[in-house]
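# how would this look folded up:
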Amino acid sequence: MAARKTAKKPAPKTAAKVRPTTIDATFLLPPKEEIHLMIEEWVAEDVGIQDLTTNIMIPANARADFLMNTRQDIVIAGIEVAAEVFRHMVPEAKVKVMVKDGTLAKKGTSLMRITGPGRGLLTAERTSLNILQFMCGIATLVNEYASRIAHTDAQLIDTRKTVPGLRMLSKYSACIGGCRPHRLGLHDGVMIKDNHIAVHGSITKAVAQARALTPALTKIEVECDTLEQVEEAAKAGADVIMFDNMTAAMMKKGIALIAGRAKTEASGGIRLDDIAEKAESGVDVISVGRMTQSAPAVDIGLDVTISK
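Have a look, this model is predicted:
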């Protein structure tokens, strides 16, 4: 069977932003009750026994009017989670969300308006901003990666490299930005790596062990860093073969060796400046850990008016 044809259109020198996903990714969000528990933990961590500065500086009967806006071009993700911080911590507050997740928001766009008790809103503001800047940061970076490979057939996917406790919020944000989830956790797929291979002595034996015990419809993936391993994994019957830290040229050779016997994944050290070249090799999916592991927070601000 012939190897899959690669995309013919060259990558644009400056990739235009692609439209974030239109897929309903809400299935990745924790239930509202769980989000409330997370919010309480976040706020408790920040506040401790009291918000000392706010209680000293702001009269108990003061009212606040907040307008949240973005100070850079971003992809919106987590706007309802951020709004829920205010709703849950200050139930009497009025919260008006002005954008939807998946919006490509230009610098200066108003995102949310919040009015209510000054002390409560000031205490909750940093927690709300933190989670929104975090989630939008992931979505914005993912969208940048997705933009670089939009001219190819390669699918961008995320990884398990997430901040502990924030996995599903991270994966939701990544999906909003324009990629699809890889494994949600260790439970929903078999990924055979070098340590597993070392225990069994060869890729062939490791795949045979996995095939004997893995549920019938669960995929088995093998991580390979040489073309010899790629050939062995294909012969062993792996469903997916990962090209780990391989050049685009090596991946093209690997795809030719596999000849349609397995799906292929590029992973390891994928950068914005080389993802297009690797996508053009003909690989099926490309995973990038940096998108959820170390995406920079975006710049979002709150303008506040306090009335006594």
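# thought Gln229 was touching Ile203?
Yes: the pair Gln229 and Ile203 qualifies as a contact (CB atoms under 8 Å) at a distance of 6.0 Å. Yep, even glycine has a C-beta here, placed from its N, CA and C like the rest.
# and whichever helix in the chain runs longest, average pLDDT?
Taking residue count as the measure and DSSP state H as the definition, the longest helix of the chain comes out as helix 118-148. In this model, helix 118-148 carries a mean pLDDT of 97.
# The very next helix or strand once past it packs against which elements?
Scanning forward in sequence from helix 118-148, with DSSP states H and E defining helices and strands, the next element found is strand 155-157. Using 3 or more CB pairs under 8 Å, 6 or more residues apart in numbering; DSSP states H and E as the contact criterion, the secondary-structure elements in contact with strand 155-157 are helix 118-148, strand 285-287.
# tell me which residues in strand 155-157 are buried?
Using 16 or more other CB atoms under 10 Å as the burial criterion, the residues of strand 155-157 that qualify are 155-157.
# is it true that Ser128 touches Ala82?
Yes: contact status for Ser128 versus Ala82: in contact at 4.6 Å, counting by CB under 8 Å.
# So what touches stretch 205-224?
Taking contacts as CB atoms under 8 Å, 6 or more residues apart in numbering, the residues outside stretch 205-224 that touch it are 188-194, 196-197, 199-200, 203, 229-230, 233, 236-244, 254, 265, 267.
# Now do the contacts for the residue nearest the centre of the chain.
Centroid check for the chain by CA atoms, centre = their mean gives Ala174 as the closest residue, at 2.7 Å. Ala174 makes contact with 138-139, 142, 158, 181, 291-292 under the criterion CB under 8 Å, 6+ apart.
# Reformat these into JSON lines and put distance to Ile258 next to each item.
Below are the contacts of Ala174 laid out as JSON lines (distance: CB to CB, whole Å):
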{"residue": "Ile138", "distance to Ile258": "31"}
{"residue": "Ala139", "distance to Ile258": "33"}
{"residue": "Val142", "distance to Ile258": "27"}
{"residue": "Asp158", "distance to Ile258": "23"}
{"residue": "Pro181", "distance to Ile258": "24"}
{"residue": "Met291", "distance to Ile258": "26"}
{"residue": "Thr292", "distance to Ile258": "28"}
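# Format the residues you listed as a markdown table; extra columns: neighbour count and distance to Ala210.
Formatted as a markdown table, the contacts of Ala174 follow (neighbours: other CB atoms under 10 Å; distance: CB to CB, whole Å):
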| residue | neighbour count | distance to Ala210 |
| --- | --- | --- |
| Ile138 | 33 | 31 |
| Ala139 | 32 | 34 |
| Val142 | 28 | 30 |
| Asp158 | 27 | 23 |
| Pro181 | 17 | 21 |
| Met291 | 30 | 27 |
| Thr292 | 26 | 26 |
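# Tell me which two of those sit farthest apart.
The distance between the two most remote of the contacts of Ala174 (CB to CB) is 13.7 Å, for Ala139 and Pro181.
# Could you list the domains of the protein?
Described in terms of automatic domain parsing, the domain architecture of the chain consists of the residue ranges 26-145+296-307, 152-293.
# and the end-to-end length of the shortest one?
The one in question is domain 26-145+296-307. One end of domain 26-145+296-307 to the other measures 37 Å (CA to CA, to the nearest Å).
# now that domain, how far from the centre of its chain.
Here domain 26-145+296-307 is found 19 Å from its chain centre; the criterion is CA atoms, centre = their mean, to the nearest Å.
# just stretch 144-156 next, same as before
The offset between the C-alpha centroid of stretch 144-156 and the centroid of the whole chain comes to 15 Å, using CA atoms, centre = their mean.
# burial measure for the nearest residue in space to Lys106 that is not next to it in sequence, as a count.
Closest residue to Lys106 in three dimensions, ignoring its sequence neighbours and counting by CB to CB, 6 or more residues apart in numbering: Asp73, at 5.5 Å. With neighbours defined by other CB atoms under 10 Å, the count for Asp73 comes to 14.
# can you offset everything so residue one is 3?
Yep, numbering from 3; the last one is Asp75 now.
# Pull the contacting residues for Asp75.
Contacts here follow CB under 8 Å, 6+ apart; on that basis Asp75 touches 106-109, 142.
# do the same with Ala297
139-140, 142-144.
# quick one: buried residues of the helix or strand harbouring Leu113?
Element membership for Leu113 (DSSP H and E) is strand 112-119. For strand 112-119, the neighbour count (16+ other CB under 10 Å) marks 113-114, 116-119 as buried.
# okay, now Arg273: neighbour count?
Here the count is done by other CB under 10 Å, and Arg273 has 11 residues near it.
# Tell me which two of the contacts of Ala297 sit farthest apart.
Checking these with CB to CB, the most distant pair is Gly139 and Val144, at 9.6 Å.
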